[in-house]
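Novice: Here is a sequence with its predicted model. Questions after.
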Amino acid sequence: MPQETDDSTDSQVQALEHACRGVVGDRLRSVSVDGPDHSGTLYRRSDLPARADAPVHEAMADGASCQSPVLTDGGRPSPPSAGADGGRTVCAFENGYVARIQVGDTSVVATTDGIKMDRDTELSAAVRGVLRE
């Protein structure tokens, strides 16, 4: 269930969406966030049906390990009280790739048709930059 947000959270949510879309471009399928200030889908490409990729978003946000890891960089979520970065994980799934970036107690999950590893690094940096503002 989406949480109510204030203006600063709305700005951060919009910044996350724009950062992900700016880095990945047209290959971006969807973006969701799960954190203390907001939880839900930020973006879903218009050609996708409602709840497209929802199961993979939910599984990754809950910290599930993936069947086909492409990259794991400390991808396990950190305990909520730790406040430290939990890293990032990129996995293949049936429709492309899914990336989870964990920053403190906030998890951002993005699905793409395809992703180059340099774009994954840029996506991770962009998400971290927005969440640390």
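Specialist: Nice, I can see it.

Novice: Return the residues in contact with Ala19.
Specialist: 123, 126-127, 129-130 (CB atoms under 8 Å, 6 or more residues apart in numbering). Every C-beta, even on glycine, is put in place using the N, C-alpha and C of the backbone.

Novice: tell me the strands in this protein, going along the chain?
Specialist: With DSSP state E as the criterion, the chain has strands at 28-34, 39-44, 69-73, 85-93, 96-103, 106-112.

Novice: would you list those strands in CSV and tack on distance to Asp62, mean neighbour count and mean pLDDT?
Specialist: Shown next, in CSV, are these (distance: least, CB to CB, whole Å; neighbours: other CB atoms under 10 Å; pLDDT from 0 to 100):
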stretch, distance to Asp62, mean neighbour count, mean pLDDT
strand 28-34, 8, 24, 93
strand 39-44, 12, 17, 92
strand 69-73, 16, 15, 54
strand 85-93, 12, 20, 78
strand 96-103, 10, 25, 89
strand 106-112, 9, 26, 91
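
Novice: right, so of these, which gets closest to Arg21?
Specialist: Proximity to Arg21, assessed across the strands of the chain by CB to CB, is greatest for strand 28-34 (5.7 Å).

Novice: and stretch 18-25, which residues are buried?
Specialist: Of the residues in stretch 18-25, 19-21, 23-24 count as buried by neighbour count, 16 or more other CB atoms under 10 Å.

Novice: And stretch 19-34, end to end?
Specialist: 17 Å (CA to CA, to the nearest Å).

Novice: next one: stretch 20-33
Specialist: End-to-end for stretch 20-33, by CA to CA: 12 Å.

Novice: what does that stretch contact?
Specialist: 13, 16-17, 39-45, 48, 52-53, 57, 61, 95-96, 106-115, 119, 122-123, 126-127.

Novice: cool, and stretch 37-52?
Specialist: 1-3, 5, 9, 12-13, 16-17, 20-21, 28-33, 53-54, 57, 106.
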